[in-house]
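Undergrad: missing the sequence, but the structure's below:
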């Protein structure tokens, strides 16, 4: 009997081949792409149309900023050249002035609306005007309806009503204000203290300041209080016109405010430390004419 051949079967065990760390790199690329996507979506949602336009222009021509210093893109799209503030550009000042003027124009509309709704009976005595200094609010006397008592800085009820109504509206803007007092050209009666229209106009301006603060105007918004006597009549053809007796409130634009602050700062720096102003109190003699 022939011997049976010996057959050896080799069985290969199944299993996954070793793939290495390639999947980790793919996953990292995916996570990075998702982060970039969400960052892009956040940037698009938080930027203005002008910013997005500037970004688009950059990607369309990435060499423009390098070659031209970013002047064209910076001016048209408000993207700052080189990623920083362009301190040599004058556009920022112009934009600030335009915004300042826009805010003052809006304040004028708000005050006019207040006059129409709450102060209609005084509308002939309140005049609004945009000037190079800012928004000027004139509050004038009217025949038989003065703002102050005869030749005095004591306010009449109508003056208090007007000033208290104006105070919170003016207070909404951060702009500082100046207050000027004016009288007519009638000379103040002679008195032993030397009290004149200059002192009277200054006291009336200060009384207006006090009423505005009582009405809600913040004290730090007041930059200057001045008495101008009859030196700047509103009605130049009739210096005795009652409307020449007035209070002028100027809500100053930033340019005027900065000029005044800089001027006062320079004046303070040049004043000797030992020089201190002095003022003597005065008492008013009973007047006999109207101011």
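TA: Perfect, I can see it now. Model, not experiment: these values are computed from the prediction. Residues are numbered from 1 along each chain as shown.
Undergrad: and residue 44, how many neighbours does it have?
TA: 11 (other C-beta atoms under 10 Å). Where you see a C-beta, it was placed from the backbone N, CA and C, and this is true even at glycine.
Undergrad: now it. Nearest residue, chain neighbours left out?
TA: Using C-beta to C-beta, 6 or more residues apart in numbering and skipping residues adjacent in sequence, the residue nearest residue 44 is residue 52, 6.7 Å away.
Undergrad: ok, now residue 238?
TA: Leaving aside its sequence neighbours, residue 238 sits nearest to residue 244 (C-beta to C-beta, 6+ apart; 7.9 Å).
Undergrad: doesn't residue 237 make contact with the one you found?
TA: No. Residue 244 lies out of contact with residue 237 (C-beta atoms under 8 Å); the separation is 10.7 Å.
Undergrad: the two - which one has more neighbours?
TA: Comparing residue 244 with residue 237 by other C-beta under 10 Å, the one with more neighbours is residue 244, at 22 against 6.
Undergrad: list the contacts of the more buried one.
TA: 140, 182-185, 230, 233-235, 238 (C-beta atoms under 8 Å, 6 or more residues apart in numbering).
Undergrad: the stretch 151-291 of the chain: helices as residue ranges?
TA: Along the stretch 151-291 of the chain, counting by DSSP state H, counting those that start in this stretch, helices occupy 157-171, 197-214, 254-270.
Undergrad: of these, which is nearest residue 7?
TA: helix 254-270 (102.6 Å; C-beta to C-beta).
Undergrad: ok, back up a step: distance of the residue nearest to residue 238 from residue 226?
TA: Note on residue 244: its distance to residue 226, by C-beta to C-beta, to the nearest Å, is 16 Å.
Undergrad: pull the longest helix from this structure.
TA: helix 91-118 (DSSP state H).
Undergrad: just how off-centre is it within its chain?
TA: Computed by C-alpha atoms, centre = their mean, to the nearest Å, the chain-centroid distance of helix 91-118 equals 9 Å.
Undergrad: excluding covalently adjacent residues, which one is nearest to residue 249?
TA: What sits nearest to residue 249 in space, not counting adjacent residues and going by C-beta to C-beta, 6+ apart, is residue 137, at 4.3 Å.
Undergrad: in its sheet, what does the one helix or strand the one you found maps to sit against?
TA: Using DSSP states H and E, residue 137 maps to strand 134-140. Looking at strand 134-140 with DSSP bridges, its partner strands are strand 126-131 (antiparallel), strand 246-252 (antiparallel).
Undergrad: I'd like to know which of the ones you listed is closest to residue 268.
TA: strand 246-252 (19.3 Å).
Undergrad: tilt between the closest one and helix 197-214?
TA: 60 degrees (axes from the mean of the first three to the mean of the last three C-alpha atoms, to 10 degrees).
Undergrad: what about strand 246-252, distance to the chain center?
TA: 16 Å.
Undergrad: then stretch 218-228?
TA: So, by C-alpha atoms, centre = their mean, the centroid of stretch 218-228 is 16 Å from its chain's centroid.
Undergrad: so what touches that stretch?
TA: With C-beta under 8 Å, 6+ apart as the contact definition, stretch 218-228 has outside contacts at 170-171, 174-182, 198-206, 209, 212-213, 252, 257, 260-261.
Undergrad: buried residues in it, which are they?
TA: Using 16 or more other C-beta atoms under 10 Å as the test for burial, stretch 218-228 gives 221-225, 227-228.
Undergrad: what is the nearest of the residues you listed to residue 166?
TA: For the buried residues of stretch 218-228, the nearest to residue 166 is residue 221 (12.3 Å; C-beta to C-beta).
Undergrad: distance check, the closest one against residue 106.
TA: For residue 221, the distance to residue 106 (C-beta to C-beta) stands at 17 Å.
Undergrad: repeat that for residue 21.
TA: Distance, residue 21 to residue 106, using C-beta to C-beta: 63 Å.
Undergrad: neighbour count: those two, which is higher?
TA: When neighbours are counted by other C-beta under 10 Å, residue 106 comes out ahead of the other of residue 21 and residue 106, with 13 against 7.
Undergrad: tell me the pLDDT of residue 267.
TA: Note for residue 267: predicted pLDDT of 74.
Undergrad: the one 5 residues further on too?
TA: pLDDT, residue 272: 62.
Undergrad: just to revisit the earlier point, so which strand or helix has the residue nearest to residue 44?
TA: helix 49-60.
Undergrad: tell me the contacts of residue 110?
TA: By C-beta under 8 Å, 6+ apart, the residues touching residue 110 are 169, 172.
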